[in-house]
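Asks: here is my input; please provide its structure:
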Amino acid sequence: MHIDPKSVLRAMFDAAIESAQPAHCIPRYLPKPGKGRLIVIGAGKASAAMAQAVEANWKGPLEGLVVTRYGYAVPCSRIEIIEAAHPVPDEAGIHAAERILALVSQLQAEDTVLCLISGGGSALLAAPLPGITLADKQAINKALLVSGANIGEMNCVRRHLSAVKGGRLARACHPAKVITLLISDVPGDVPSDIASGPTVADITTCEDALAILKRYEIDVPEHVRSILMSGQGESIKPNDPCFQHNEVHLIATPQAALEAAAVVAQQAGITTHILGDSIEGEAKDVGKVMAGLARQIALRKQPFTTPCVLLSGGETTVTVRGQGRGGRNVEFLLSLGVSLNGLPGVYGLAGDTDGVDGMEEIAGAYLTPDSLERAWAHGMNPRDSLDNNDGHSFFSALGDSVITGPTLTNVNDFRAVLVLDAPALSY
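Replies: Numbering: from 1, shown residues only. Sure thing, here's the model as predicted:
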């Protein structure tokens, strides 16, 4: 059986992204027409494509406003699209949040708010609590991004510094009914962690946010700390009346994306093993663990036989210590390659399903058995690149970057390790 590793890996990645396209996911979750108005709001990298899918499938009157990442807008005629910055918020995000709050401020009980939320909404829907400035939010966001905190921890802090996250947007919509459609990009698909949960209840507290800041040694201005210590930043809890008639639906998830990729592999005659859709931890550590598993399969046919592919999702973290070009997927892949050290028969692809890994407009990269050999020939030391958090420079120099452009969706990271036959052990 002939297998073209890079083609199969890319086909799996493309299938994962396609499975989460809003055009496929939105229609079945649209509400039935009611007596009142339908207002569409939303935030995230997929929110514009979600809005477009709503327009295509809703025949009655509607109006609304969603905010998405720069470059992610798509044409809509009845729902206004605003673009803003991600992953660090900007003035456009604040303007969008203000307009969304104004749009839902005078609704009645017979009205319905359809809220379209996907990953990236935490930065895009920016509304600092009174007394907190945009500069404060930007500085704290930047510090969290390089601290090694996981997405749940980062969003806990964000919720308690926001006038719109942590259920506050749902309270602003009350007494209208809110139907929230979520495309999940977080491990475990926890609704309050997706875009920091603007329309869902939150069980975490200001004390939790303070503990996270302390754990990662993140200094914040005294006026920000006092807001948390006083409880002014407390989020909206599950027993609040504003949630009484609301609905929350997960319409696309990392697990479903991995299952779509598995179908492609199986059609190519490759056995698939989904190891988990919510794997977290330092990217380089996850790479080492995955390398150990791949080595055992390639050389000893345990616990799986070859050919097979190991699929996983979730969101790893990178504690930035170098000056390189990041991101977590290429960090994972470079760590995997260094640990495998050119082991024949093992290939990989890791990428972010939104098309952006870290701060680069690059989704991820490929790893091949000769990646390290080619790197040395280019004058690069793979270990030095890893220590410098410079995965994008490493794989770009090899011509092995995976570039998708804006995918208009986001179901977190995608990792595929393809294990073919390797030479038998010799002693």
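Asks: what comes up buried for the longest strand seen in the chain?
Replies: As assigned by DSSP state E, the longest strand anywhere in the chain is strand 271-279. Within strand 271-279, the residues that qualify as buried are 272, 273, 275, 277, 278, 279, counting by 16 or more other CB atoms under 10 Å. Backbone N, C-alpha and C define where each C-beta goes, glycine included.
Asks: avg pLDDT for the helix or strand that comes right after that strand?
Replies: Using DSSP states H and E, the helix or strand that directly follows strand 271-279 along the chain is helix 283-300. Taken as a whole, helix 283-300 has a mean pLDDT of 97.
Asks: contact partners of the longest strand of the chain?
Replies: 187-189, 253-255, 258-259, 261-262, 265-266, 286, 304-305, 307-314, 316, 412, 415 (CB atoms under 8 Å, 6 or more residues apart in numbering).
Asks: restricted to helices, list these.
Replies: Those of these mapping onto helices are 254, 255, 258, 259, 261, 262, 265, 266, 286, per DSSP state H.
Asks: name the helix or strand for the spatially closest residue to residue 403 that is not a sequence neighbour, please.
Replies: Closest residue in space to residue 403, ignoring its immediate chain neighbours: residue 362 at 5.6 Å, by CB to CB, 6 or more residues apart in numbering. Here residue 362, judged by DSSP H and E, is contained in no helix and no strand.
Asks: swap in the one 3 residues further on?
Replies: Of the helices and strands defined by DSSP H and E, residue 365 is found in strand 364-367.
Asks: check residue 224 too.
Replies: Counting by DSSP H and E, residue 224 is part of helix 222-230.
Asks: domains in the chain, as residue ranges please.
Replies: Following automatic domain parsing, one finds the domains of the chain at 5-16+255-419, 23-252.
Asks: residue 352 reaches residue 363, doesn't it?
Replies: Yes. The criterion here is CB atoms under 8 Å, and residue 352 meets it with residue 363 at 5.6 Å.
Asks: so what's in contact with the two at the same time?
Replies: Joint contacts of residue 352 and residue 363 (CB under 8 Å, 6+ apart) are residue 329.
Asks: double-check residue 283 against residue 315; I have them as touching.
Replies: No. Using CB under 8 Å, residue 283 is not in contact with residue 315; the gap is 9.6 Å.
Asks: and the two? which has more neighbours close in?
Replies: residue 283 (30 against 23; other CB atoms under 10 Å).
Asks: coming back round to it: give me the angle between the longest strand of the chain and helix 283-300.
Replies: Interaxial angle, strand 271-279 versus helix 283-300 (axes from the mean of the first three to the mean of the last three CA atoms, to 10 degrees): 160 degrees.
Asks: for strand 271-279, the distance to its chain's centre please.
Replies: Distance, stretch centre to chain centre, for strand 271-279: 17 Å (CA atoms, centre = their mean, to the nearest Å).
Asks: who touches both of residue 283 and residue 315?
Replies: When CB under 8 Å, 6+ apart defines a contact, the residues bordering residue 283 and residue 315 alike are residue 328.
Asks: so residue 81, which of the three states?
Replies: strand (DSSP: H, G, I helix; E, B strand; the rest coil).
Asks: what sits against it?
Replies: 48, 51, 65, 66, 67, 68, 73, 74.
Asks: let's see it at 6 Å
Replies: 48, 73 (CB atoms under 6 Å, 6 or more residues apart in numbering).
Asks: what do you get for the one 5 residues further on?
Replies: Taking CB under 6 Å, 6+ apart as the definition of contact, the neighbours of residue 86 are 69, 120, 123, 124.
Asks: how about 7 Å then?
Replies: 45, 69, 120, 123, 124 (CB atoms under 7 Å, 6 or more residues apart in numbering).
Asks: distance of it from residue 46?
Replies: 12 Å (CB to CB, to the nearest Å).
Asks: helix or strand next in line after the helix or strand containing residue 334, which one?
Replies: Secondary structure from DSSP H and E places residue 334 in helix 328-340. Sequence-wise, the next helix or strand downstream of helix 328-340 (DSSP H and E) is strand 346-352.
Asks: now that following strand and helix 283-300, what's the angle there?
Replies: Going by the same axes, to 10 degrees, strand 346-352 makes 150 degrees with helix 283-300.
Asks: CA atoms only for strand 346-352, dumped as CSV, please.
Replies: Taking Å, rounded to 0.1, in the frame of the first residue of the first chain, the C-alpha atoms of strand 346-352 are listed here in CSV:
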residue,chain,number,x,y,z
VAL,A,346,7.2,8.9,11.5
TYR,A,347,5.6,12.1,10.1
GLY,A,348,3.5,14.8,11.6
LEU,A,349,1.3,17.8,11.0
ALA,A,350,0.3,20.2,13.8
GLY,A,351,-1.8,23.3,13.1
ASP,A,352,-4.4,25.6,14.5
